[in-house]
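Undergrad: got a sequence here, can you build the structure:
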Amino acid sequence: MLKNLLILFALALSNVLFAQHKETAFAKGADIGWLPQMEATGYKFYDNSGKETDCLQLLKDLGMNSIRLRVWVNPSDDKTSGHCSKEETVAMALRAQKMGFRIMINFHYSDSWADPAKQFKPKAWEKHTFPELLNDVYNHTFDVINALKVAGVTPEWVQVGNEIPGGMMWPEGSTDNWHQLGQLLNKGYDAVKAVDKNIKVIVHVDEGNNNEKFRTFFDNATAQKVRYDVIGLSYYPYWIKKDYSETIADLQFNLNDMAKRYNKEVMIVEVGGEDDKVQNTYELLTATIKAVKNVPNNKGIGVLYWEPQGARSWSHYALSAWQADGKPSPALNAFKEN
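TA: Numbers count the residues shown, from 1 in each chain. Next up, the predicted model:
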């Protein structure tokens, strides 16, 4: 009897310690929104010995522990700009969690790509009044997160909007209408917390080395009493036509400033380098991980690569980290080694 009690106690203690470790461990991972489509079109992934291997296993072997998945409202079935429905997201999240990955969900509040250049409302919401849009955001967010929970997956993080320096769901949620944008963001926050109050809500802005852009956005968010837990940053030196070595100090300054100024955790939720510049991308990732880990008081919590597996031969995307032979780029060793 005593032996059985001791075994039960040991198991309970190990579960508690695992949960605490998960909560405090540095997140290293990838957005893999294209993976279901890649597999459906017959793309094969291989380890360094040439053996066909599950892509998620390859990412895990590279030291990754977190997976990010985007959600669109009523997506098309287009190979690269569709899919990512609630149902597909639940299925992929469940698959990733079973392999030990932590889960981040990224709401675009659109039927396809939302980013700084475009934040189109879902077609089904186009003619809705602003009060109806508030309900749309709440109901859609709750529906997806609750479906995940029912399936046995509680995400660790949820993004309310994708790269929204100019707002989301234009024109109503534009930064020209900050009072309304603040309400939309809070509806997303409330829906997430209604499912599970422990899920961390992320608000995400691009160009992570641009402190002025971040101060402008988050000062306005503060003025509107926007509720969130984590500041998410994208960091792509490629898109501003500078090498990482020219901007990494600015990224470090901005990370530190965001954590201190707003008393929030910070996280690089998207990063990427050119697939044909392996050493440079390795160095970019190493420097980025170091910068986030250097944020004082452990407020830098993770780095995620955007679609490393999205090989150019399949996606025509130059910032993946996969080789033409179906094997991961050596650049991704940065996750294992840092």
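Undergrad: who is Val266 paired with across the strands?
TA: Beta-bridge partners recorded for Val266 (DSSP bridges): Ile231, Gly300.
Undergrad: quick one, what contacts it?
TA: By CB atoms under 8 Å, 6 or more residues apart in numbering, the contact set of Val266 is Val230, Ile231, Gly232, Leu233, Leu255, Met258, Ala259, Val292, Val295, Lys299, Gly300, Ile301. Every C-beta, even on glycine, is put in place using the N, C-alpha and C of the backbone.
Undergrad: repeat that for 10 Å
TA: Residues near Val266 by CB atoms under 10 Å, 6 or more residues apart in numbering: 202, 208, 214, 230-233, 254-260, 291-292, 295, 299-302.
Undergrad: sitting in helices, which of these do you find?
TA: The members of the contacts of Val266 that map onto helices under DSSP state H are Phe214, Asn254, Leu255, Asn256, Asp257, Met258, Ala259, Lys260, Ala291, Val292.
Undergrad: once you drop chain neighbours, what's closest to Lys293?
TA: The shortest distance from Lys293 to any non-neighbouring residue, by CB to CB, 6 or more residues apart in numbering, is to Gly300 (5.7 Å).
Undergrad: looks like that neighbour contacts Lys260 (just checking).
TA: No: with contact defined as CB atoms under 10 Å, Gly300 does not count as touching Lys260 (11.8 Å).
Undergrad: these two - which one has more neighbours?
TA: Between Gly300 and Lys260, Gly300 has the larger neighbour count (other CB atoms under 10 Å), namely 24 against 14.
Undergrad: sketch out the low-pLDDT regions of the stretch 1-150 of the chain for me.
TA: Applying pLDDT under 70 to the stretch 1-150 of the chain picks out residues 1-24, 76, 82.
Undergrad: residue boundaries of the strands in it?
TA: Assigned by DSSP state E, counting those that start in this stretch, the strands in the stretch 1-150 of the chain fall at 27-31, 66-71, 102-107.
Undergrad: so the second one versus strand 27-31, what angle?
TA: Between strand 66-71 and strand 27-31, the angle comes out at 40 degrees (axes from the mean of the first three to the mean of the last three CA atoms, to 10 degrees).
Undergrad: you'd agree Ile289 is in a helix?
TA: Yes: counting by DSSP: H, G, I helix; E, B strand; the rest coil, Ile289 is located in a helix.
Undergrad: how near is it to Trp72?
TA: Separation of Ile289 from Trp72 (CB to CB, to the nearest Å): 29 Å.
Undergrad: likewise Pro308?
TA: With CB to CB as the criterion, Pro308 and Trp72 are 21 Å apart.
Undergrad: what's the answer for Gly29, then?
TA: Taken as CB to CB, the span from Gly29 to Trp72 is 20 Å.
Undergrad: quick one: mean pLDDT for stretch 166-173?
TA: Mean pLDDT, stretch 166-173: 98.
Undergrad: which parts of the chain are helices?
TA: Counting by DSSP H, the helices of the chain are 2-24, 35-40, 55-61, 86-98, 130-151, 178-195, 211-223, 244-262, 278-293, 312-315, 333-337.
Undergrad: now the ones you listed as JSON lines including distance to Asn48?
TA: Below are these laid out as JSON lines (distance: least, CB to CB, whole Å):
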{"stretch": "helix 2-24", "distance to Asn48": "28"}
{"stretch": "helix 35-40", "distance to Asn48": "19"}
{"stretch": "helix 55-61", "distance to Asn48": "9"}
{"stretch": "helix 86-98", "distance to Asn48": "22"}
{"stretch": "helix 130-151", "distance to Asn48": "33"}
{"stretch": "helix 178-195", "distance to Asn48": "39"}
{"stretch": "helix 211-223", "distance to Asn48": "38"}
{"stretch": "helix 244-262", "distance to Asn48": "25"}
{"stretch": "helix 278-293", "distance to Asn48": "14"}
{"stretch": "helix 312-315", "distance to Asn48": "18"}
{"stretch": "helix 333-337", "distance to Asn48": "11"}
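Undergrad: which among those helices is found nearest to Gly167?
TA: Shortest distance between Gly167 and the helices of the chain, using CB to CB, is found for helix 178-195: 4.6 Å.
Undergrad: wait, Tyr235 sits on Gly272?
TA: Yes: with contacts counted by CB under 10 Å, Tyr235 reaches Gly272, the gap being 8.5 Å.
Undergrad: who's more crowded, those two?
TA: When neighbours are counted by other CB under 10 Å, Tyr235 and Gly272 differ, and Tyr235 comes out ahead with 30 against 27.
Undergrad: list the residues that contact the more buried one.
TA: Tyr235 makes contact with 206-209, 244, 247-248, 250-251, 254-255, 268-273, 284, 287-288, 291-292, 303, 306 under the criterion CB under 10 Å, 6+ apart.
Undergrad: at 7 Å what do you get?
TA: Tyr235 makes contact with Gly208, Asn209, Leu251, Ile268, Val271, Thr288, according to CB atoms under 7 Å, 6 or more residues apart in numbering.
Undergrad: which one (most neighbours) among the ones in helices among the contacts of Val266?
TA: Compared across these, Leu255 has the highest neighbour count, 28 neighbours, by other CB under 10 Å.
Undergrad: hang on, isn't it packed against Ile289?
TA: No: counting by CB atoms under 7 Å, Leu255 stays clear of Ile289, with 11.7 Å between them.
Undergrad: count of neighbours near Asp77?
TA: Around Asp77 there are 10 other residues, counting by other CB under 10 Å.
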